[in-house]
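[1] Following is a predicted model, sequence given first.
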Protein chains: 2
Amino acid sequence: MVGSPVDGAPVGSVPLGAVAAEPARSQPIPAELVSARASIDNLDAALVHLLAERFKITRRVGRIKAAAGLPPADPGREAEQIARLRQLAQDSDLDPELAEKFLTFIVREVVRHHERLQADDHRADWLAG
Amino acid sequence: MVGSPVDGAPVGSVPLGAVAAEPARSQPIPAELVSARASIDNLDAALVHLLAERFKITRRVGRIKAAAGLPPADPGREAEQIARLRQLAQDSDLDPELAEKFLTFIVREVVRHHERLQADDHRADWLAG
């Protein structure tokens, strides 16, 4: 844990939504904003844990694809995921564009990881002769 | 719901992890991959719903900030969030870089939304004379 590069406040000891650690503000922070930020922090923790679980599974997918000789990217599958997430977003009052951008971001990171995995496999093959 | 632009399969009627709707594959999809994809689809639905809730709150934050004359972006707060999410990622075996990129993506979208909101407010002020 390092100090925040922006205001120098220690980060590791800051409780959710704390105001005390933000001394450099030029304006006081409304109580309503402090409360909203605490909720955002809770949701972000949940999002990170779901992302961790998702990437655990995509690591497995990467190994399955590499073993089966399947390409890392799969445009057909991605198009289906995008259409489905756009619909889910619309149903829950989230901008469908944002859901699509989010999935694109995730898929890009996953493909990058899969490609690294397959490159490692090829290197292992080469090293094995 | 529209057909997938990639393989022409209808998207709306595809159950989670279905193989039947992916006829254009050159190779069969391993059962293990179908199962992993169903889990990914479940997690993505949860992620989208959490994102919807998060953006509901940031819309509120946007209104609070606009009313208080606070700027849309808050580098000190963002540095704290990044440090915290990197730590949470590390604790749950997710690449901390990825958690940071994820938050950066979200914050960029939120700031874009807040700026639009404040621009709308200024236009409303101007229209009101």
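    Sure, I can see it.
[2] right, and residue A:113 touches residue A:57 too?
    No. Residue A:113 is beyond contact range of residue A:57, at 11.9 Å (criterion: CB atoms under 8 Å). Quick note: C-beta positions are derived from backbone N, CA and C, even for glycine.
[3] How many neighbouring residues does residue A:113 have?
    Residue A:113 is flanked by 18 other residues according to other CB atoms under 10 Å in any protein chain shown.
[4] any idea which element the closest residue to it other than its chain neighbours lies in?
    Nearest residue to residue A:113 in three dimensions, chain neighbours excluded: residue A:62, at 6.3 Å (CB to CB, 6 or more residues apart in numbering or on different chains). Element membership for residue A:62 (DSSP states H and E) is helix A:31-68.
[5] now that helix: mean pLDDT?
    Helix A:31-68 comes out with an average pLDDT of 95.
[6] likewise stretch A:80-89?
    Here the average pLDDT along stretch A:80-89 is 96.
[7] That stretch and chain B, are they touching?
    Yes. Between stretch A:80-89 and chain B, judged by CB under 8 Å from any CB of the partner chain, the touching residues are A:80-81, A:83-85, A:87-89.
[8] Tell me which of those residues fall in helices.
    The helices, defined by DSSP state H, take in A:80-81, A:83-85, A:87-89 from these.
[9] which among these gets closest to residue B:28?
    Distance to residue B:28 across these (CB to CB) is lowest for residue A:80, with 17.6 Å.
[10] Check the spacing between the closest one and residue B:42 real quick.
    Between residue A:80 and residue B:42 the distance is 15 Å, computed by CB to CB, to the nearest Å.
[11] Look at those two and report which has more neighbours.
    residue A:80 (24 against 16).
[12] what residues are up against the most centrally placed residue in chain A?
    Most central in chain A under CA atoms, centre = their mean is residue A:51, positioned 5.4 Å from the mean C-alpha point. Going by CB atoms under 8 Å, 6 or more residues apart in numbering or on different chains, residue A:51 touches A:106, B:47, B:89, B:94, B:98-99, B:102.
[13] Quick check, pLDDT for residue A:1.
    As summarised for this prediction, residue A:1 has a pLDDT of 38.
[14] swap in residue A:23?
    On the pLDDT scale, residue A:23 is placed at 45.
[15] and residue A:108, how many neighbours?
    12.
[16] Are there helices or strands packed against the strand or helix carrying it, and which ones?
    If you go by DSSP H and E, residue A:108 is part of helix A:96-127. Other helices and strands packing on helix A:96-127, by 3 or more CB pairs under 8 Å, 6 or more residues apart in numbering or on different chains; DSSP states H and E, are helix A:31-68, helix A:75-91, helix B:31-68, helix B:96-127.
[17] Go through those and name the closest to residue A:117.
    Across the helices and strands packed on helix A:96-127, residue A:117 has its closest neighbour in helix A:31-68 (4.7 Å, CB to CB).
[18] so the closest one versus helix B:31-68, what angle?
    Per axes from the mean of the first three to the mean of the last three CA atoms, to 10 degrees, the angle that helix A:31-68 makes with helix B:31-68 is 160 degrees.
[19] before we move on, back to that, which of the contacts of residue A:51 lies closest to residue B:70?
    Taking these together and measuring to residue B:70 by CB to CB, the closest member is residue B:102, at 24.1 Å.
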